[in-house]
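**Q** pasting the sequence and the predicted model now:
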Amino acid sequence: MGKVKEFLKRKDIVISAKRYGIDALGAMAQGLFCSLLIGTILNTLGAQLGIEALETAGGYASAMSGAAMAIAIGYALNAPPLVLFSLATVGYAANALGSTTLSGGSGAGGPLAVLFIAIIAAECGKAVSKETKIDILVTPLVTILVGVGLAAWWAPAIGTAASAVGNLVMWATDLQPFLMGILVSVLVGMALTLPISSAAICAALGLTGLAGGAAVAGCCAQMVGFAVMSFKENRWGGLVSQGIGTSMLQMGNIVRNPRIWIAPTLASAITGPLATCLFHLEMNGSPVSSGMGTCGLVGQIGVYTGWVSDVASGAKSAITAFDWVGLILICFILPAVLSTLFCEIERKLGWIKEGDLKLS
């Protein structure tokens, strides 16, 4: 056992929840952003502006999402170059096969399959890296064969499971939009602020429709909420970095004083059901956009992309003023107003003190 521990330490193979559940998952979200999300934005801009080159670039970027995610995961796991480059094939295979269910239909489990399979393939590749004189052959072969083999074996089942969970959440939200609006909004919003990836979770589950709209509401409540309620301490730099960056910047402050999390979370519990019951806000764009909130305005672009697709397919007659009012209220105005209101109540109660929201 001692030799095994020594070997794992030498190879930097750390089997832990932090390494796989936070580092790898967070990196996977960045890979998604640099491929599928950027591709979606370029494609939308190209279609709206009539610039074919942007649509073409967007299509290429989206097609590489599996490879980008796997390479990002390998980078987070400190994979050596030969392992890192080999993960492009592993990610492509896992994403493609994970998007196909056991019944042969289209699934949503591509990102989830990439996460599990890329981690195992990367660690196997790291284990054999530089252990032989023909490393340039052995390391890529082991990484690719393990990854593609597991993709063929596991990915369709993962796709089926992820689709089932995602469909259950979306079905429950359609059935009980008020209660599920609260639940989805609060949980996905909290996941966005925690050092895990709400975008990766939404992408893995294929969270769209009303459930996707509730997820957008929850993420916006956290990002805009923290940005506005901490304006006194962080000024314009904090407003921008949290409002269109990430509320995860407040994680250190949350650990020191968990009560600062109450205000934006309460705001998400209100905007979630308003999104589902009153404005019927749906995310019919890319599922990963459901977990992005106002980060780069990706969540709002995703909603708009869904509107455009629905109009083109005939599912929606037109984009109305009510649609725009709902989007602006749910994503920007209500999170700012409600979070500030709840924050001021907490300040009067002494739960939040001067400097508790200051970013270091």
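**A** That came through fine.
**Q** which one's the longest helix in this protein?
**A** helix 135-175 (DSSP state H).
**Q** list the buried residues of the following helix or strand past that helix.
**A** The helix or strand immediately downstream of helix 135-175 is helix 177-193, counting by DSSP states H and E. For helix 177-193, the neighbour count (16 or more other C-beta atoms under 10 Å) marks 177, 180-193 as buried. C-betas here are computed from N, CA, C, even on glycine.
**Q** for V142, which non-adjacent residue is spatially closest?
**A** Closest residue in space to V142, ignoring its immediate chain neighbours: V128 at 4.9 Å, by C-beta to C-beta, 6 or more residues apart in numbering.
**Q** does the one you found really touch T139, like I thought?
**A** Yes. Contact criterion C-beta atoms under 8 Å: V128 and T139 qualify, at 5.8 Å.
**Q** show me the helices in the stretch 201-350 of the chain, by range?
**A** Here the stretch 201-350 of the chain has its helices, by DSSP state H, counting those that start in this stretch, at 209-229, 231-243, 251-256, 262-273, 298-313, 321-328, 334-349.
**Q** out of these, deepest packed?
**A** helix 209-229 (a mean of 32; mean count of other C-beta atoms under 10 Å).
**Q** kindly export that helix (C-alpha atoms) in PDB.
**A** Once non-C-alpha atoms are left out, helix 209-229 reads as follows in PDB (Å, rounded to 0.1, in the frame of the first residue of the first chain):
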ATOM      1  CA  GLY A 209     -37.600  25.000 -21.200                       C
ATOM      2  CA  LEU A 210     -39.200  26.400 -18.100                       C
ATOM      3  CA  ALA A 211     -36.600  24.700 -15.800                       C
ATOM      4  CA  GLY A 212     -33.900  26.400 -17.900                       C
ATOM      5  CA  GLY A 213     -35.600  29.700 -17.400                       C
ATOM      6  CA  ALA A 214     -35.700  29.200 -13.600                       C
ATOM      7  CA  ALA A 215     -32.000  28.300 -13.700                       C
ATOM      8  CA  VAL A 216     -31.300  31.500 -15.500                       C
ATOM      9  CA  ALA A 217     -33.300  33.400 -12.900                       C
ATOM     10  CA  GLY A 218     -31.400  31.900 -10.000                       C
ATOM     11  CA  CYS A 219     -28.000  32.500 -11.600                       C
ATOM     12  CA  CYS A 220     -28.800  36.100 -12.400                       C
ATOM     13  CA  ALA A 221     -30.100  36.700  -8.800                       C
ATOM     14  CA  GLN A 222     -26.700  35.600  -7.400                       C
ATOM     15  CA  MET A 223     -24.600  37.500  -9.800                       C
ATOM     16  CA  VAL A 224     -26.500  40.800 -10.100                       C
ATOM     17  CA  GLY A 225     -27.500  40.500  -6.400                       C
ATOM     18  CA  PHE A 226     -23.900  40.300  -5.100                       C
ATOM     19  CA  ALA A 227     -22.800  42.900  -7.600                       C
ATOM     20  CA  VAL A 228     -25.300  45.500  -6.500                       C
ATOM     21  CA  MET A 229     -25.400  44.800  -2.700                       C
END
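**Q** quick one, it and helix 334-349 angle?
**A** Helix 209-229 runs at 50 degrees relative to helix 334-349, counting by axes from the mean of the first three to the mean of the last three C-alpha atoms, to 10 degrees.
**Q** who are the contact partners of G74?
**A** Applying C-beta atoms under 8 Å, 6 or more residues apart in numbering to G74 gives the contacts V83, L84, L87, A118, A122.
**Q** lovely, talk soon.
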